[in-house]
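>>> A structural model of the following input is requested.
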Amino acid sequence: MREFDKKFIDKCFAYLECVKGEKYDITAEIFKMIKEEKEPDSALQYFLMNANSIESSEEKEAEIFFTVTEINEYEKKFGKLVEGIIDKLISQKLEEDEFYSQIWKRIERPDSEFETEKEKVFALYKIWMNRKVPYFKLSDGMKMQNEKYKNIATEKMMQVKKASFIVNSEFEQRTEKSSLLLELIEQCESEEEKVVMLALILTMSEKRAVSDLLDMLKDKCK
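Below you'll find the predicted structure:
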């Protein structure tokens, strides 16, 4: 991984640790900082890897750059395009440094789909908000035929039911739930069994999250 310019780190951190406002307006100032750098792709990488970890005192108001109407228009025009760019680059399994270099090229190259400064800032904002950023190059995970997956899940049915009970139970702390699930996974004898159990637990957790969201929306509609 490349080394980051200390001056940019200090400047970026100093701004983010005190600013408050809409993320898209904050992005406008960060975009200006990045463009001023000799190695903007490196500055972009530092920002996207660290921005969400910096807590702000919210002492300084971000300068308004977008109207809500503009953001809605850009979302319709460019939202899916930015997501597609990210997904395509991730599918190429690039090294981390190269991923961020390619991201910056897509924003700033002469034939970029993002022509105006506001369009470029919006693209950076959408990249920052994407759940797949910061990016990490991953090794290939274990692949398994459906039949084998089903057989292991069937053999572990009681453990699967116990996992479901744990996922859907309430605990005072998340560490209680996670420690019980970890204990359940560690009881598996093979790596394949552990992988299947973890896959099933992830599915249960996702369904629980969707259910909780739907309940929350129903409550708001009452």
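
>>> center of this structure - which residue?
Arg131 (2.0 Å; CA atoms, centre = their mean).

>>> so is that one in a helix, a strand, or just coil?
Classification of Arg131 using DSSP: H, G, I helix; E, B strand; the rest coil returns coil.

>>> quick one: the strands in this protein?
19-20, 60-61 (DSSP state E).

>>> any low-confidence regions in the protein?
Low-confidence segments of the chain, defined by pLDDT under 70: 210-222.

>>> could you rerun that using 80?
For the chain, applying pLDDT under 80 flags the ranges 1, 208-222.

>>> and the helices in it?
6-16, 23-35, 40-50, 68-91, 96-108, 117-129, 146-155, 157-167, 174-186, 191-221 (DSSP state H).

>>> circling back to that earlier point, separation between the residue nearest to the centre of the chain and Asn52?
In this view, Arg131 and Asn52 are 11 Å apart by CB to CB, to the nearest Å. (Each C-beta comes from the backbone N, C-alpha and C, glycine too.)

>>> swap in Ser101?
Using CB to CB, Ser101 is found at 21 Å from Asn52.

>>> which one of these two is surrounded by more residues?
The residue with more neighbours, out of Ser101 and Asn52, is Ser101; 19 against 12, by other CB atoms under 10 Å.

>>> and the more buried one, what does it touch?
By CB atoms under 8 Å, 6 or more residues apart in numbering, Ser101 lies in contact with Asp41.

>>> now Ile103
Under the criterion of CB under 8 Å, 6+ apart, the neighbours of Ile103 are 41, 44, 85-86, 89, 127.
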